[in-house]
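**Student:** structural data only, the sequence is not supplied:
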(Lines give C-alpha, C1' and ligand atoms only; values in the text may rest on other atoms or scores of the structure.)
Protein backbone atom coordinates (compact mmCIF):
# COMPACT_ATOMS: atom_id res chain seq x y z
CA UNK A 1 0.00 0.00 0.00
CA UNK A 2 1.25 3.47 -0.89
CA UNK A 3 0.88 5.64 2.26
CA UNK A 4 1.20 9.41 2.76
CA UNK A 5 4.47 8.64 4.48
CA UNK A 6 5.77 6.83 1.38
CA UNK A 7 4.70 9.77 -0.74
CA UNK A 8 6.60 12.25 1.43
CA UNK A 9 9.63 9.98 1.63
CA UNK A 10 9.58 9.56 -2.12
CA UNK A 11 9.69 13.33 -2.70
CA UNK A 12 12.51 13.73 -0.15
CA UNK A 13 14.51 10.95 -1.80
CA UNK A 14 13.97 12.43 -5.22
CA UNK A 15 15.03 15.86 -4.03
CA UNK A 16 18.16 14.43 -2.39
CA UNK A 17 18.92 12.40 -5.52
CA UNK A 18 18.88 15.53 -7.69
CA UNK A 19 20.85 17.61 -5.16
CA UNK A 20 23.52 14.91 -5.02
CA UNK A 21 23.73 14.70 -8.81
CA UNK A 22 24.16 18.46 -9.34
CA UNK A 23 26.39 19.07 -6.31
CA UNK A 24 29.61 18.99 -8.31
CA UNK A 25 28.37 20.85 -11.40
CA UNK A 26 30.11 23.88 -12.84
CA UNK A 27 28.18 26.98 -11.65
CA UNK A 28 26.69 29.40 -14.18
CA UNK A 29 26.82 33.12 -13.46
CA UNK A 30 24.68 35.71 -15.22
CA UNK A 31 25.32 39.45 -15.16
CA UNK A 32 23.45 42.33 -16.71
CA UNK A 33 25.52 45.34 -17.80
CA UNK A 34 24.90 48.40 -20.00
CA UNK A 35 26.10 46.68 -23.20
CA UNK A 36 24.19 43.46 -22.69
CA UNK A 37 23.68 40.30 -20.69
CA UNK A 38 26.35 37.64 -20.20
CA UNK A 39 26.30 34.07 -18.93
CA UNK A 40 29.64 32.61 -17.85
CA UNK A 41 30.73 29.11 -16.84
CA UNK A 42 33.48 26.55 -17.50
CA UNK A 43 33.43 23.46 -19.63
CA UNK A 44 35.60 20.53 -20.54
CA UNK A 45 34.03 19.40 -23.81
CA UNK A 46 30.29 19.94 -24.30
CA UNK A 47 28.89 23.42 -24.85
CA UNK A 48 27.02 24.86 -21.88
CA UNK A 49 25.46 28.18 -22.94
CA UNK A 50 22.82 28.38 -25.65
CA UNK A 51 20.62 30.83 -27.50
CA UNK A 52 16.94 30.01 -27.04
CA UNK A 53 15.33 32.87 -28.94
CA UNK A 54 16.09 36.42 -30.12
CA UNK A 55 16.34 37.82 -26.58
CA UNK A 56 16.76 34.66 -24.52
CA UNK A 57 19.78 32.62 -23.50
CA UNK A 58 20.16 29.61 -21.26
CA UNK A 59 22.78 27.79 -19.22
CA UNK A 60 22.38 24.91 -16.79
CA UNK A 61 23.93 22.38 -14.48
CA UNK A 62 22.96 18.74 -14.19
CA UNK A 63 22.45 15.82 -16.53
CA UNK A 64 23.39 16.65 -20.09
CA UNK A 65 20.38 14.76 -21.47
CA UNK A 66 17.94 16.53 -19.14
CA UNK A 67 19.42 19.95 -19.91
CA UNK A 68 19.10 19.15 -23.60
CA UNK A 69 15.43 18.28 -23.11
CA UNK A 70 14.86 21.60 -21.35
CA UNK A 71 16.76 23.50 -24.04
CA UNK A 72 14.81 21.94 -26.90
CA UNK A 73 11.45 22.37 -25.12
CA UNK A 74 12.19 26.05 -24.52
CA UNK A 75 13.41 26.55 -28.10
CA UNK A 76 10.36 24.80 -29.59
CA UNK A 77 7.93 26.82 -27.48
CA UNK A 78 9.69 30.12 -28.21
CA UNK A 79 9.81 29.60 -32.00
CA UNK A 80 6.26 28.33 -32.30
CA UNK A 81 4.92 31.25 -30.23
CA UNK A 82 7.17 33.80 -31.93
CA UNK A 83 5.95 32.72 -35.36
CA UNK A 84 2.24 32.41 -34.60
CA UNK A 85 2.06 35.55 -32.46
CA UNK A 86 5.00 37.95 -32.36
CA UNK A 87 8.68 37.89 -31.43
CA UNK A 88 7.79 40.42 -28.72
CA UNK A 89 5.43 37.95 -27.06
CA UNK A 90 8.20 35.46 -26.35
CA UNK A 91 9.38 36.35 -22.85
CA UNK A 92 11.41 34.51 -20.24
CA UNK A 93 8.41 34.60 -17.93
CA UNK A 94 6.25 32.73 -20.48
CA UNK A 95 8.96 30.24 -21.44
CA UNK A 96 9.91 29.36 -17.86
CA UNK A 97 6.58 29.89 -16.13
CA UNK A 98 4.25 28.21 -18.61
CA UNK A 99 6.26 26.04 -20.98
CA UNK A 100 8.77 24.45 -18.60
CA UNK A 101 7.80 24.79 -14.95
CA UNK A 102 4.57 22.72 -14.99
CA UNK A 103 6.26 19.92 -16.97
CA UNK A 104 9.15 19.77 -14.47
CA UNK A 105 6.70 19.72 -11.57
CA UNK A 106 4.77 16.82 -13.13
CA UNK A 107 7.97 14.84 -13.69
CA UNK A 108 9.17 15.50 -10.16
CA UNK A 109 5.88 14.50 -8.52
CA UNK A 110 5.42 11.32 -10.55
CA UNK A 111 6.98 8.44 -8.55
CA UNK A 112 7.19 6.29 -11.69
CA UNK A 113 9.50 8.67 -13.59
CA UNK A 114 13.02 9.89 -13.03
CA UNK A 115 13.07 13.55 -11.99
CA UNK A 116 14.94 16.05 -14.15
CA UNK A 117 18.51 16.34 -12.91
CA UNK A 118 18.82 19.96 -13.84
CA UNK A 119 18.96 23.50 -12.60
CA UNK A 120 18.66 26.18 -15.24
CA UNK A 121 19.42 29.84 -15.58
CA UNK A 122 17.56 31.81 -18.25
CA UNK A 123 18.40 35.40 -19.15
CA UNK A 124 16.37 37.90 -21.16
CA UNK A 125 17.80 41.12 -22.54
CA UNK A 126 15.60 44.22 -22.57
CA UNK A 127 15.83 47.43 -24.58
CA UNK A 128 17.27 49.05 -21.43
CA UNK A 129 19.45 47.47 -18.77
CA UNK A 130 16.67 47.96 -16.20
CA UNK A 131 14.50 45.58 -18.28
CA UNK A 132 17.00 42.68 -18.21
CA UNK A 133 15.70 39.63 -16.36
CA UNK A 134 17.10 36.38 -14.98
CA UNK A 135 15.01 33.34 -14.09
CA UNK A 136 16.33 30.38 -12.11
CA UNK A 137 14.38 27.13 -12.55
CA UNK A 138 14.94 24.03 -10.42
CA UNK A 139 14.07 20.35 -10.84
CA UNK A 140 10.79 20.74 -8.95
CA UNK A 141 9.52 23.36 -11.37
CA UNK A 142 10.03 26.16 -8.87
CA UNK A 143 11.36 29.35 -10.40
CA UNK A 144 12.56 32.70 -9.13
CA UNK A 145 13.14 35.98 -10.95
CA UNK A 146 16.34 37.96 -10.36
CA UNK A 147 17.54 41.37 -11.46
CA UNK A 148 21.11 42.54 -12.03
CA UNK A 149 22.72 39.13 -11.65
CA UNK A 150 21.90 35.50 -10.87
CA UNK A 151 23.84 32.33 -10.07
CA UNK A 152 23.08 28.64 -10.23
CA UNK A 153 25.43 26.29 -8.39
CA UNK A 154 25.50 22.89 -6.71
CA UNK A 155 24.35 24.20 -3.32
CA UNK A 156 22.57 27.16 -1.76
CA UNK A 157 25.76 28.06 0.15
CA UNK A 158 27.69 28.22 -3.13
CA UNK A 159 25.10 30.53 -4.67
CA UNK A 160 25.22 32.76 -1.60
CA UNK A 161 29.03 32.91 -1.76
CA UNK A 162 28.95 34.01 -5.40
CA UNK A 163 26.20 36.48 -4.63
CA UNK A 164 28.32 38.03 -1.85
CA UNK A 165 31.28 38.41 -4.24
CA UNK A 166 29.16 40.01 -6.94
CA UNK A 167 27.55 42.41 -4.49
CA UNK A 168 30.99 43.88 -3.76
CA UNK A 169 32.20 44.17 -7.36
CA UNK A 170 31.69 46.83 -10.00
CA UNK A 171 29.85 45.07 -12.81
CA UNK A 172 29.07 48.01 -15.04
CA UNK A 173 32.50 49.45 -15.93
CA UNK A 174 32.95 47.49 -19.14
CA UNK A 175 31.91 44.22 -20.63
CA UNK A 176 35.29 42.69 -19.76
CA UNK A 177 34.86 43.89 -16.15
CA UNK A 178 31.45 42.24 -16.01
CA UNK A 179 32.93 39.01 -17.38
CA UNK A 180 35.80 39.14 -14.85
CA UNK A 181 33.27 39.63 -12.05
CA UNK A 182 31.26 36.68 -13.32
CA UNK A 183 34.38 34.49 -13.33
CA UNK A 184 35.48 35.43 -9.82
CA UNK A 185 31.92 34.74 -8.66
CA UNK A 186 32.17 31.38 -10.43
CA UNK A 187 35.36 30.65 -8.44
CA UNK A 188 33.66 31.61 -5.16
CA UNK A 189 30.66 29.40 -5.91
CA UNK A 190 32.79 26.43 -6.93
CA UNK A 191 35.01 26.76 -3.90
CA UNK A 192 32.07 27.10 -1.53
CA UNK A 193 30.28 24.14 -3.05
CA UNK A 194 33.33 21.94 -2.51
CA UNK A 195 34.06 23.26 1.00
CA UNK A 196 30.36 22.93 1.89
CA UNK A 197 30.22 26.39 3.42
CA UNK A 198 29.79 30.01 2.49
CA UNK A 199 33.15 31.21 1.24
CA UNK A 200 33.28 34.56 -0.46
CA UNK A 201 37.02 35.31 -0.25
CA UNK A 202 38.16 36.56 -3.67
CA UNK A 203 41.72 35.19 -3.40
CA UNK A 204 40.42 31.70 -2.73
CA UNK A 205 37.90 32.15 -5.52
CA UNK A 206 40.64 33.13 -7.99
CA UNK A 207 42.80 30.21 -6.88
CA UNK A 208 39.88 27.83 -7.52
CA UNK A 209 39.19 29.38 -10.93
CA UNK A 210 42.85 29.04 -11.99
CA UNK A 211 42.88 25.44 -10.80
CA UNK A 212 39.79 24.76 -12.94
CA UNK A 213 41.38 26.38 -15.99
CA UNK A 214 44.20 23.83 -15.95
CA UNK A 215 41.77 21.21 -17.28
CA UNK A 216 38.80 23.21 -18.52
CA UNK A 217 38.04 26.38 -20.43
CA UNK A 218 35.81 29.36 -19.80
CA UNK A 219 32.65 29.72 -21.85
CA UNK A 220 30.89 33.07 -22.10
CA UNK A 221 27.75 33.64 -24.13
CA UNK A 222 26.10 37.01 -24.40
CA UNK A 223 23.25 39.02 -25.81
CA UNK A 224 24.35 42.35 -27.24
CA UNK A 225 21.95 45.24 -26.62
CA UNK A 226 22.89 47.40 -29.62
CA UNK A 227 24.04 45.53 -32.70
CA UNK A 228 23.74 45.76 -36.48
CA UNK A 229 23.65 41.95 -36.66
CA UNK A 230 20.34 40.15 -36.97
CA UNK A 231 21.21 37.96 -33.99
CA UNK A 232 22.03 39.47 -30.61
CA UNK A 233 23.66 36.27 -29.36
CA UNK A 234 27.26 35.18 -29.72
CA UNK A 235 29.79 33.10 -27.85
CA UNK A 236 32.91 35.00 -26.92
CA UNK A 237 36.04 34.06 -28.87
CA UNK A 238 39.07 32.80 -26.93
CA UNK A 239 40.97 36.14 -27.18
CA UNK A 240 38.13 38.05 -25.59
CA UNK A 241 37.81 35.51 -22.78
CA UNK A 242 41.58 35.67 -22.20
CA UNK A 243 41.33 39.46 -21.83
CA UNK A 244 38.70 39.05 -19.11
CA UNK A 245 40.69 36.32 -17.32
CA UNK A 246 43.85 38.50 -17.43
CA UNK A 247 42.00 41.27 -15.60
CA UNK A 248 41.78 38.96 -12.61
CA UNK A 249 45.48 38.18 -12.39
CA UNK B 1 15.07 16.28 -33.78
CA UNK B 2 16.04 17.49 -37.26
CA UNK B 3 15.67 21.23 -36.72
CA UNK B 4 12.75 21.27 -39.17
CA UNK B 5 10.59 24.27 -38.30
CA UNK B 6 7.70 23.20 -40.54
CA UNK B 7 7.54 19.85 -38.75
CA UNK B 8 7.52 21.64 -35.37
CA UNK B 9 4.63 23.87 -36.42
CA UNK B 10 2.67 20.91 -37.78
CA UNK B 11 3.28 18.86 -34.61
CA UNK B 12 2.08 21.73 -32.46
CA UNK B 13 -0.97 22.42 -34.61
CA UNK B 14 0.38 25.89 -35.35
CA UNK B 15 0.72 25.48 -39.11
CA UNK B 16 -2.01 26.88 -41.33
CA UNK B 17 -2.20 24.51 -44.31
CA UNK B 18 -2.55 26.30 -47.65
CA UNK B 19 -6.16 26.49 -48.83
CA UNK B 20 -6.91 23.96 -51.56
CA UNK B 21 -9.71 23.56 -54.08
CA UNK B 22 -10.93 25.49 -57.07
CA UNK B 23 -11.41 29.22 -56.86
CA UNK B 24 -14.07 30.59 -59.20
CA UNK B 25 -13.38 34.26 -58.55
CA UNK B 26 -9.86 35.08 -57.27
CA UNK B 27 -9.75 37.99 -54.81
CA UNK B 28 -7.90 41.18 -55.65
CA UNK B 29 -4.61 40.87 -53.81
CA UNK B 30 -2.15 43.52 -52.72
CA UNK B 31 1.06 43.11 -54.71
CA UNK B 32 4.57 44.33 -54.11
CA UNK B 33 6.14 45.61 -57.32
CA UNK B 34 9.69 46.21 -58.57
CA UNK B 35 12.77 44.93 -56.74
CA UNK B 36 16.34 44.68 -58.00
CA UNK B 37 19.46 42.78 -56.95
CA UNK B 38 22.76 44.01 -58.40
CA UNK B 39 26.23 42.70 -57.81
CA UNK B 40 28.98 45.14 -56.86
CA UNK B 41 32.60 44.37 -56.19
CA UNK B 42 32.17 43.51 -52.51
CA UNK B 43 28.69 42.01 -52.45
CA UNK B 44 25.10 42.45 -53.64
CA UNK B 45 22.95 45.58 -53.53
CA UNK B 46 19.17 45.21 -53.20
CA UNK B 47 16.96 48.08 -54.18
CA UNK B 48 13.19 48.31 -54.17
CA UNK B 49 10.56 50.99 -54.51
CA UNK B 50 7.99 51.21 -51.73
CA UNK B 51 4.76 50.80 -53.69
CA UNK B 52 2.17 48.09 -53.14
CA UNK B 53 -0.84 47.90 -55.46
CA UNK B 54 -4.16 46.06 -55.71
CA UNK B 55 -5.38 45.98 -59.30
CA UNK B 56 -5.10 49.64 -60.37
CA UNK B 57 -5.24 51.06 -56.82
CA UNK B 58 -2.13 52.13 -54.94
CA UNK B 59 -2.63 50.41 -51.57
CA UNK B 60 0.47 51.64 -49.79
CA UNK B 61 3.50 53.77 -50.61
CA UNK B 62 5.75 52.64 -47.79
CA UNK B 63 5.80 48.88 -48.22
CA UNK B 64 8.97 47.06 -47.16
CA UNK B 65 9.94 44.64 -49.89
CA UNK B 66 13.58 44.01 -48.99
CA UNK B 67 14.22 42.20 -45.75
CA UNK B 68 17.08 40.37 -44.08
CA UNK B 69 16.46 36.65 -43.52
CA UNK B 70 19.60 36.37 -41.40
CA UNK B 71 23.00 38.04 -41.08
CA UNK B 72 24.13 36.92 -44.56
CA UNK B 73 20.91 36.60 -46.55
CA UNK B 74 18.54 39.18 -48.02
CA UNK B 75 15.20 38.56 -49.65
CA UNK B 76 13.48 40.95 -52.05
CA UNK B 77 9.83 40.13 -52.72
CA UNK B 78 7.47 40.84 -55.59
CA UNK B 79 3.93 39.57 -56.00
CA UNK B 80 1.26 38.68 -53.44
CA UNK B 81 2.30 40.70 -50.42
CA UNK B 82 0.39 38.78 -47.73
CA UNK B 83 1.78 35.40 -48.73
CA UNK B 84 5.28 36.83 -49.22
CA UNK B 85 5.36 38.37 -45.73
CA UNK B 86 4.12 35.13 -44.19
CA UNK B 87 6.82 33.17 -46.01
CA UNK B 88 9.51 35.67 -44.97
CA UNK B 89 8.45 35.29 -41.33
CA UNK B 90 8.50 31.52 -41.78
CA UNK B 91 11.96 31.53 -43.36
CA UNK B 92 13.46 33.78 -40.67
CA UNK B 93 12.18 31.43 -37.98
CA UNK B 94 13.14 28.31 -39.92
CA UNK B 95 16.78 29.42 -40.35
CA UNK B 96 17.12 30.46 -36.71
CA UNK B 97 15.34 27.36 -35.47
CA UNK B 98 17.75 25.13 -37.36
CA UNK B 99 20.79 27.02 -36.04
CA UNK B 100 19.55 27.09 -32.45
CA UNK B 101 18.48 23.45 -32.24
CA UNK B 102 21.27 21.89 -34.32
CA UNK B 103 24.00 24.22 -32.97
CA UNK B 104 25.26 24.97 -36.46
CA UNK B 105 24.27 27.50 -39.10
CA UNK B 106 22.07 26.22 -41.90
CA UNK B 107 24.05 26.06 -45.16
CA UNK B 108 23.28 28.37 -48.08
CA UNK B 109 22.03 25.35 -50.04
CA UNK B 110 19.75 24.49 -47.10
CA UNK B 111 18.35 28.03 -47.04
CA UNK B 112 17.69 28.01 -50.80
CA UNK B 113 15.97 24.64 -50.55
CA UNK B 114 13.73 25.97 -47.76
CA UNK B 115 12.70 28.88 -50.03
CA UNK B 116 11.80 26.39 -52.81
CA UNK B 117 9.82 24.32 -50.34
CA UNK B 118 7.85 27.37 -49.16
CA UNK B 119 6.98 28.32 -52.76
CA UNK B 120 6.05 24.77 -53.74
CA UNK B 121 3.83 24.54 -50.63
CA UNK B 122 1.52 27.18 -52.09
CA UNK B 123 1.57 25.77 -55.60
CA UNK B 124 -2.08 24.79 -55.90
CA UNK B 125 -3.35 28.27 -55.06
CA UNK B 126 -0.54 29.99 -56.94
CA UNK B 127 -1.62 28.13 -60.11
CA UNK B 128 -5.03 29.78 -59.70
CA UNK B 129 -3.47 33.20 -59.26
CA UNK B 130 -3.70 33.42 -55.48
CA UNK B 131 -0.70 34.08 -53.27
CA UNK B 132 1.77 33.95 -56.14
CA UNK B 133 4.98 35.75 -55.35
CA UNK B 134 8.58 35.48 -56.48
CA UNK B 135 11.53 36.15 -54.22
CA UNK B 136 15.04 37.27 -55.11
CA UNK B 137 17.62 35.90 -52.71
CA UNK B 138 20.95 37.69 -52.27
CA UNK B 139 23.49 36.01 -50.05
CA UNK B 140 27.07 36.04 -48.95
CA UNK B 141 28.24 32.45 -49.22
CA UNK B 142 30.55 32.00 -46.24
CA UNK B 143 31.79 28.67 -47.57
CA UNK B 144 32.88 30.04 -50.96
CA UNK B 145 33.57 33.59 -49.75
CA UNK B 146 31.44 34.98 -52.59
CA UNK B 147 28.29 37.01 -53.19
CA UNK B 148 25.43 35.17 -54.89
CA UNK B 149 22.06 36.12 -56.42
CA UNK B 150 19.23 33.63 -56.93
CA UNK B 151 15.81 34.09 -58.50
CA UNK B 152 12.83 31.75 -58.48
CA UNK B 153 9.73 31.01 -60.46
CA UNK B 154 6.38 30.66 -58.71
CA UNK B 155 6.70 26.88 -58.53
CA UNK B 156 9.94 26.98 -56.57
CA UNK B 157 12.49 26.44 -59.37
CA UNK B 158 15.72 28.21 -58.50
CA UNK B 159 18.18 29.93 -60.84
CA UNK B 160 21.50 31.57 -60.04
CA UNK B 161 22.48 34.83 -61.68
CA UNK B 162 26.06 36.05 -61.66
CA UNK B 163 25.33 39.75 -62.20
CA UNK B 164 21.80 40.90 -61.48
CA UNK B 165 18.23 39.87 -60.79
CA UNK B 166 14.88 41.61 -60.84
CA UNK B 167 11.28 40.78 -60.04
CA UNK B 168 7.92 42.50 -60.08
CA UNK B 169 5.82 44.29 -62.66
CA UNK B 170 8.45 46.91 -63.52
CA UNK B 171 11.25 44.41 -63.94
CA UNK B 172 10.07 43.08 -67.31
CA UNK B 173 9.98 46.61 -68.74
CA UNK B 174 13.62 47.26 -67.90
CA UNK B 175 15.06 43.84 -68.55
CA UNK B 176 17.11 44.95 -71.53
CA UNK B 177 18.56 47.92 -69.67
CA UNK B 178 20.50 45.61 -67.35
CA UNK B 179 22.17 44.00 -70.36
CA UNK B 180 22.85 47.37 -71.95
CA UNK B 181 24.58 48.65 -68.80
CA UNK B 182 26.59 45.47 -68.47
CA UNK B 183 27.73 45.53 -72.11
CA UNK B 184 28.57 49.21 -72.24
CA UNK B 185 30.04 49.77 -68.76
CA UNK B 186 31.32 46.33 -67.82
CA UNK B 187 30.15 43.78 -65.25
CA UNK B 188 28.31 45.10 -62.20
CA UNK B 189 30.50 42.79 -60.08
CA UNK B 190 33.60 44.85 -60.99
CA UNK B 191 32.14 48.20 -59.98
CA UNK B 192 31.94 50.10 -56.68
CA UNK B 193 28.83 50.25 -54.50
CA UNK B 194 28.48 53.96 -55.24
CA UNK B 195 28.41 53.39 -59.01
CA UNK B 196 26.08 50.40 -58.79
CA UNK B 197 23.71 52.26 -56.46
CA UNK B 198 23.42 55.01 -59.06
CA UNK B 199 22.77 52.46 -61.82
CA UNK B 200 20.09 50.89 -59.62
CA UNK B 201 18.40 54.24 -59.11
CA UNK B 202 18.38 54.86 -62.88
CA UNK B 203 16.82 51.41 -63.38
CA UNK B 204 14.16 52.08 -60.74
CA UNK B 205 13.40 55.46 -62.28
CA UNK B 206 12.99 53.98 -65.77
CA UNK B 207 10.77 51.21 -64.31
CA UNK B 208 8.54 53.82 -62.67
CA UNK B 209 8.28 55.71 -65.99
CA UNK B 210 7.19 52.56 -67.83
CA UNK B 211 5.17 50.75 -65.16
CA UNK B 212 2.32 52.42 -63.28
CA UNK B 213 2.69 49.99 -60.35
CA UNK B 214 6.30 51.04 -59.65
CA UNK B 215 6.76 53.99 -57.31
CA UNK B 216 10.27 55.12 -58.19
CA UNK B 217 12.19 57.27 -55.72
CA UNK B 218 11.00 60.82 -56.19
CA UNK B 219 8.22 60.85 -53.62
CA UNK B 220 9.32 58.20 -51.12
CA UNK B 221 12.89 56.97 -50.77
CA UNK B 222 13.39 53.37 -51.90
CA UNK B 223 14.70 50.64 -49.60
CA UNK B 224 18.34 49.80 -50.19
CA UNK B 225 20.37 47.10 -48.43
CA UNK B 226 23.62 45.30 -49.10
CA UNK B 227 24.98 41.91 -48.19
CA UNK B 228 28.71 41.27 -48.17
CA UNK B 229 31.35 39.57 -46.02
CA UNK B 230 30.43 42.13 -43.33
CA UNK B 231 26.84 40.84 -43.35
CA UNK B 232 23.63 42.69 -44.09
CA UNK B 233 23.74 46.49 -43.98
CA UNK B 234 21.15 49.14 -44.70
CA UNK B 235 22.09 52.04 -46.98
CA UNK B 236 21.44 55.14 -44.92
CA UNK B 237 18.95 57.82 -45.90
CA UNK B 238 21.85 60.25 -46.29
CA UNK B 239 23.70 57.92 -48.69
CA UNK B 240 20.53 57.43 -50.70
CA UNK B 241 19.82 61.16 -50.94
CA UNK B 242 23.40 61.81 -52.10
CA UNK B 243 23.12 59.06 -54.73
CA UNK B 244 19.76 60.40 -55.93
CA UNK B 245 21.24 63.90 -56.27
CA UNK B 246 24.01 62.37 -58.40
CA UNK B 247 21.45 60.70 -60.66
CA UNK B 248 19.37 63.87 -61.05
CA UNK B 249 22.42 65.92 -61.93
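**Tutor:** Received, thanks. This is a predicted model, so every value here is computed, not measured.
**Student:** and the helix or strand of chain B with the lowest mean pLDDT, which residues are buried?
**Tutor:** Within chain B, no helix or strand scores below helix B:123-126, which has a mean of 74 by mean pLDDT, DSSP states H and E. For helix B:123-126, the neighbour count (16 or more other Cβ atoms under 10 Å in any protein chain shown) marks B:124, B:125, B:126 as buried. Every residue, glycine included, has its C-beta placed from N, CA and C.
**Student:** isn't the first one up against residue B:20?
**Tutor:** So that's residue B:124. Yes. Look at residue B:124 against residue B:20 with Cβ atoms under 8 Å: they come within range, at 5.3 Å.
**Student:** enumerate the residues of chain A near chain B.
**Tutor:** A:47, A:50-54, A:72, A:75-76, A:79-80, A:82-84, A:228-231 (Cβ under 8 Å from any Cβ of the partner chain).
**Student:** how far away is residue B:108 from chain A?
**Tutor:** From residue B:108 over to chain A the distance is 15 Å, taken as Cβ to the nearest Cβ, to the nearest Å.
**Student:** quick one: the element among helices and strands of chain A having the smallest mean pLDDT to chain centroid distance?
**Tutor:** When the helices and strands of chain A are scored by mean pLDDT, DSSP H and E, helix A:4-22 comes last with a mean of 87. Its chain's C-alpha centre and that of helix A:4-22 lie 23 Å apart, by Cα atoms, centre = their mean, to the nearest Å.
**Student:** please name every helix or strand in contact with it.
**Tutor:** Here helix A:4-22 touches strand A:56-62, helix A:101-109, going by 3 or more Cβ pairs under 8 Å, 6 or more residues apart in numbering or on different chains; DSSP states H and E.
**Student:** which of the ones you listed is buried the deepest?
**Tutor:** Among the helices and strands packed on helix A:4-22, strand A:56-62 has the highest mean neighbour count (mean count of other Cβ atoms under 10 Å in any protein chain shown), at a mean of 25.
**Student:** where does the chain dip in pLDDT?
**Tutor:** You didn't say which chain, so I picked chain A. Within chain A, the ranges that satisfy pLDDT under 70 run A:1, A:171-172, A:196-200.
**Student:** switch to chain B, please.
**Tutor:** In chain B (pLDDT under 70), the answer is B:1, B:19, B:249.
**Student:** who in it is up against chain A?
**Tutor:** Contact residues, chain B versus chain A (Cβ under 8 Å from any Cβ): B:1, B:5, B:8-9, B:12, B:14, B:68, B:70-71, B:89-90, B:93, B:96-97, B:100-101, B:103, B:231-233.
**Student:** switch the cut-off to 7 Å
**Tutor:** B:1, B:5, B:8-9, B:12, B:14, B:68, B:70-71, B:89-90, B:93, B:97, B:100-101, B:103, B:231-233 (Cβ under 7 Å from any Cβ of the partner chain).
**Student:** buried subset of these?
**Tutor:** Using 16+ other Cβ under 10 Å, the buried ones in these are B:5, B:8-9, B:68, B:70-71, B:89-90, B:93, B:97, B:100-101, B:231-233.
**Student:** in strands only, show me these.
**Tutor:** Secondary structure defined by DSSP state E assigns B:68, B:70, B:231, B:232, B:233 of those to strands.
**Student:** was I right to think the last one contacts residue B:224?
**Tutor:** Pointing back at residue B:233 there. No. Under the criterion of Cβ atoms under 7 Å, residue B:233 makes no contact with residue B:224, lying 9.7 Å away.
**Student:** where do the strands sit along chain B?
**Tutor:** B:31-32, B:35-40, B:43-48, B:52-54, B:57-60, B:66-70, B:73-80, B:133-141, B:146-152, B:158-161, B:164-167, B:223-228, B:231-234.
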